[in-house]
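Chemist: Next come a sequence and a model predicted from it.
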Amino acid sequence: MLVTKLFFPIVLFQACFVNGRKSQADIVYSDLFADYNKNILPQEKRSVPVNVSMTFLLFGIREFDELTGKFSVMAAFYLTWTDFRLKWNASLYNNTNVLVISESNIWTPNPVIANPYDSMKGFVNNMFPVTLNNQGKIIWVPGDIISSVCDVDVTHYPFDVQICELDFVCWGYSSYSLVLHSPTKELPLTHYSKHGEWRLVNTTTKSTNDGISSVSVKIAMRRRPMFVVLNFILPVVCMTVLNLLVFVLPVESGERVSYSITVLLAIAVFFTLVGENLPKTSFRTAIVSYFLFSYLIISTVICAFVILSSSLYYADAKRPVPKLLLRVQEKLRSRKSHRERKYALKEKSDDVLSDDEDILTWKILSRWFDNFALGICVLAIAASVTVFFIIVPREQ
């Protein structure tokens, strides 16, 4: 009897002490989840689907691989919905109207990406807490690195614009039991960090309810071309312009052919470097490949012109010049003398006529051919630069 009298106050004291250390949030949590089943969809009426609002929060572009089509972003979902089973009267719990609990304790929609690069996976990993209020409204903001497959179009590389789409669904729920929708038409970019290679152009979201409710996020991004232009395009242009100086190099030096072939090989190396960074497909070939190939052709033609010019220069002097070329020379002489008679001073006209008596030789013909080849190559280079740097960027 004495033991009972001593033990009862101790138990009573411990019970009061433990209950005194419980917060109102603990009491609310115990009352709410006493009979709660997280495996059941919080659908109060079977005719009314659960409305899940999803806002896609884009933090930054992590990776875009043109070779494999892999598109990765760092993002999060701002998900809100209402669970009618998680409502309480805040006045009965000392005005406690908000709880922050683990995501593993309640039902979550857990959207998955429908066009993944590797495999489908959700975002429930006990890392992101859930906030709920006394009206049963739940806010959950899970995040991760999301990778999807993107259709790559490198036609206008490096001035290309890529449009990648991310499709999200709540797998296993039809649109009659759960509706997933986006409250905004564009992505909020408050926390977006700029990417060094890609510039964000436009973002759109679209909600569909075709059997399975889904949200599609389209991200349009434009490549920053300065790196490619400075490291690949301009060096090739400079080497091709440098290749034109071969026509200024004296034929007697004997270095014209080796000079032009060296530049040709350098352009071929750059052509290989650019090709390694492009998708191995012939369905959509980059215009820059045609651009570099055109310069490769121009350098090849320059090599051929140099060889032909050298053969003309070192031709046998006893070998007569074709009569067709002599007639061309006579016509040029007559036009030149006519212009000079009309505009030149009278006392200098006799000197001009005496200069016109020069005989066309193979060496003179070689110089003429150098001037003609130089003009043709300059026009070809100017045309390619105009098409690639002016016309192509305007199409974008």
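Modeler: Received, thanks. Numbering: from 1, shown residues only.

Chemist: What's the separation between residue 144 and residue 203?
Modeler: Applying C-beta to C-beta, to the nearest Å, the value for residue 144 to residue 203 is 19 Å. (Glycine included, C-beta is placed from N, CA and C.)

Chemist: which residues are in contact with stretch 362-382?
Modeler: For stretch 362-382, the external contacting residues (C-beta atoms under 8 Å, 6 or more residues apart in numbering) are 237, 240-241, 244, 247, 251, 294-295, 298, 301-302, 305, 308-310, 312-317, 319, 321, 325, 358.

Chemist: And these, which of them are buried?
Modeler: Burial by neighbour count, judged by 16 or more other C-beta atoms under 10 Å, picks out 237, 240, 244, 247, 251, 294-295, 298, 302, 305, 309, 312-313, 321 from these.

Chemist: Mind naming the longest helix for the chain?
Modeler: In terms of residue count, the longest helix belonging to the chain (DSSP state H) is helix 287-313.

Chemist: which residues in this protein form strands?
Modeler: Remark: strands assigned in the chain by DSSP state E are 50-65, 70-82, 98-101, 112-113, 130-133, 137-140, 143-149, 161-169, 178-181, 198-210, 212-223.

Chemist: Make JSON lines from those and add mean pLDDT and distance to residue 44 to it.
Modeler: Shown next, in JSON lines, are those (pLDDT from 0 to 100; distance: least, C-beta to C-beta, whole Å):
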{"stretch": "strand 50-65", "mean pLDDT": "93", "distance to residue 44": "9"}
{"stretch": "strand 70-82", "mean pLDDT": "94", "distance to residue 44": "9"}
{"stretch": "strand 98-101", "mean pLDDT": "92", "distance to residue 44": "20"}
{"stretch": "strand 112-113", "mean pLDDT": "90", "distance to residue 44": "25"}
{"stretch": "strand 130-133", "mean pLDDT": "93", "distance to residue 44": "16"}
{"stretch": "strand 137-140", "mean pLDDT": "95", "distance to residue 44": "14"}
{"stretch": "strand 143-149", "mean pLDDT": "91", "distance to residue 44": "29"}
{"stretch": "strand 161-169", "mean pLDDT": "93", "distance to residue 44": "23"}
{"stretch": "strand 178-181", "mean pLDDT": "92", "distance to residue 44": "13"}
{"stretch": "strand 198-210", "mean pLDDT": "92", "distance to residue 44": "20"}
{"stretch": "strand 212-223", "mean pLDDT": "93", "distance to residue 44": "18"}
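
Chemist: Now those strands in CSV, please, with extra columns for distance to residue 263 and mean neighbour count.
Modeler: Below are those laid out as CSV (distance: least, C-beta to C-beta, whole Å; neighbours: other C-beta atoms under 10 Å):
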stretch, distance to residue 263, mean neighbour count
strand 50-65, 33, 18
strand 70-82, 37, 20
strand 98-101, 68, 15
strand 112-113, 49, 19
strand 130-133, 65, 18
strand 137-140, 62, 19
strand 143-149, 41, 18
strand 161-169, 33, 19
strand 178-181, 59, 20
strand 198-210, 33, 15
strand 212-223, 28, 20
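
Chemist: just to revisit the earlier point, quick check: which helices or strands does the longest helix of the chain pack against?
Modeler: Under the contact criterion of 3 or more C-beta pairs under 8 Å, 6 or more residues apart in numbering; DSSP states H and E, helix 287-313 touches helix 234-244, helix 256-276, helix 362-386.

Chemist: Excluding residues flanking it in the chain, which one is nearest residue 98?
Modeler: Closest residue to residue 98 apart from its sequence neighbours, by C-beta to C-beta, 6 or more residues apart in numbering: residue 133 at 5.3 Å.

Chemist: Also residue 249?
Modeler: For residue 249, ignoring the flanking residues on the chain, the nearest one in space by C-beta to C-beta, 6+ apart is residue 256 at 5.3 Å.
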